[in-house]
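Undergrad: Coordinates for the following, if possible.
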Amino acid sequence: MKNLIITGVRRIGYEVAKELLKEGYKLAVVYKTSKDKAEALTKFGEVLLIQADLTIPDTWDFIVEESVKHFGEIHGFLHLASPYARKGVLETKREDFYEHFVPIAEAFFFISQRLYPIFMKNEENIKGRIIAFGDWAIDCPYRDYSAYFVAKGALHTAVKVLAKEFAPHILVNCIAPGPVLKAENYTDEQWEKILKRTPLRREVPLKDVVNAVKYLLSVEGITGEIIRLDGGRHLAGTGV
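TA: Numbering: from 1, shown residues only. Below you'll find the predicted structure:
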C-alpha cells in the first residue's frame with residue numbers, strides 16, 4: 001500500500017485525491033480552509049486530515065510528523081496548494097509576493113527536504129516520488145499575476161534541483177496544467193476566449209491530469225521533468 005501526502009484539495013487536487021483513494025492509496029490531506037472538500041474525501045478511502053497554513057514554516061514539520069505518526073511509511077508527496085491572486089505588477093507589495101512564494105515554492109522545497117530521510121527508509125529501489133503542480137505559462141506569463149508566476153517559476157526550478165539532489169532513489173517531477181478548470185475570478189466569456197486560443201480548443205480533461213499523476217507514481221525512468229498538460233496552449237502563447 002502506498003501512503004501519500006497531498007496539499008491543496010479544493011479544485012484539481014480534490015479530483016486527484018478522490019481517484020487515488022479509489023485506487024487504494026492512503027492520503028494525508030493538507031488543507032487550509034477547504035475543510036468540507038477535505039472531509040468529503042474520507043468516504044473514498046483512508047484519509048488523515050491535516051489543517052495547516054503553508055505560509056507558516058512550523059507547519060512543514062508538523063505535516064511530516066503527523067503523517068509519519070499515522071501511516072508509518074510515506075511513499076510520495078503531491079503539492080498542489082497554490083494561491084492565485086490578481087494584482088498589477090506596480091501594485092504588488094512584498095506581502096503579496098510572499099503570500100504566493102512561501103506556500104507554492106518554499107513549502108514545497110522544505111517539505112520535500114524533510115521527507116527525504118523518511119523516503120530513504122523505504123525498501124524499494126525507488127524509495128519516494130514527489131510531484132509538484134506548476135503552470136504551463138511560466139515561459140510566457142500573462143499580465144497581473146506577477147507574484148504567482150515568480151513563485152511558480154521558482155517551483156519549476158526547485159523540481160529540477162531536487163530531482164538531481166535526490167537521485168537516484170527519489171523521483172521529482174512536475175505537471176504544468178493549462179485550461180483544466182475555469183478560475184473562479186474568470187467570467188464564462190473570458191474562459192471561452194482562453195479555450196479559443198488553445199490549439200485543441202477545449203478544456204484539458206480532469207482524467208488526463210489524474211492519469212498523469214498515476215503515471216508519475218508508477219514510472220521508474222523519469223525525473224526532473226515538467227509535463228505540460230495544456231491542450232497545446234504553449235504553442236499559441238497567452239495572447240496578452
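
Undergrad: Distance from stretch 165-182 to the middle of the chain?
TA: Offset of stretch 165-182 from its chain centre (Cα atoms, centre = their mean, to the nearest Å): 8 Å.

Undergrad: should've said stretch 123-135
TA: Chain-centre distance of stretch 123-135: 12 Å, with Cα atoms, centre = their mean.

Undergrad: Buried residues in that stretch, which are they?
TA: Judged by neighbour count using 16 or more other Cβ atoms under 10 Å, the buried positions of stretch 123-135 are 126, 127, 128, 129, 130, 131, 132, 133, 134, 135. C-beta here means a position set from N, CA and C on the backbone, and glycine is covered the same way.

Undergrad: Do I have it right that the last one meets residue 175?
TA: No. Contact status for residue 135 versus residue 175: not in contact, 9.9 Å apart, counting by Cβ atoms under 8 Å.

Undergrad: okay, who's weakest in the buried residues of stretch 123-135 by pLDDT?
TA: By pLDDT, residue 135 ranks lowest within those, coming in at 94.

Undergrad: What segments of the protein are helices?
TA: Secondary structure of the chain (DSSP state H): helices located at 12-22, 35-40, 58-71, 94-101, 107-119, 146-166, 188-196, 206-216, 233-236.

Undergrad: Now mean pLDDT too, for these, in TSV please.
TA: Output for the helices of the chain, formatted as TSV (pLDDT from 0 to 100):
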stretch	mean pLDDT
helix 12-22	96
helix 35-40	95
helix 58-71	98
helix 94-101	95
helix 107-119	98
helix 146-166	97
helix 188-196	81
helix 206-216	96
helix 233-236	82
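
Undergrad: Any idea which of those helices gets closest to residue 88?
TA: Between residue 88 and those, the tightest spacing by Cβ to Cβ is seen for helix 146-166, at 8.1 Å.

Undergrad: As CSV, could you dump the C-alpha coordinates of the closest one?
TA: This file holds the C-alpha atoms of helix 146-166, laid out as CSV (Å, rounded to 0.1, in the frame of the first residue of the first chain):
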residue,chain,number,x,y,z
SER,A,146,3.5,38.6,-11.2
ALA,A,147,3.7,37.2,-7.6
TYR,A,148,2.1,34.0,-8.7
PHE,A,149,4.4,33.5,-11.7
VAL,A,150,7.6,34.3,-9.8
ALA,A,151,6.6,31.6,-7.3
LYS,A,152,5.6,29.0,-9.9
GLY,A,153,8.9,29.7,-11.8
ALA,A,154,10.8,29.0,-8.5
LEU,A,155,8.7,25.8,-8.1
HIS,A,156,9.8,24.6,-11.6
THR,A,157,13.4,25.3,-10.7
ALA,A,158,13.0,23.5,-7.3
VAL,A,159,11.7,20.4,-9.1
LYS,A,160,14.9,20.2,-11.3
VAL,A,161,17.2,21.0,-8.3
LEU,A,162,15.6,18.3,-6.1
ALA,A,163,15.5,15.8,-8.9
LYS,A,164,19.3,16.0,-9.2
GLU,A,165,19.9,16.2,-5.5
PHE,A,166,17.6,13.3,-4.5
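
Undergrad: Name the nearest residue to the most centrally placed residue in the chain, sequence neighbours excluded.
TA: Nearest residue to the geometric centre of the chain (Cα atoms, centre = their mean): residue 80, 2.4 Å. Closest residue to residue 80 apart from its sequence neighbours, by Cβ to Cβ, 6 or more residues apart in numbering: residue 8 at 3.6 Å.

Undergrad: The one you found against residue 82, yeah?
TA: Yes. Using Cβ under 8 Å, residue 8 makes contact with residue 82 at a distance of 6.3 Å.
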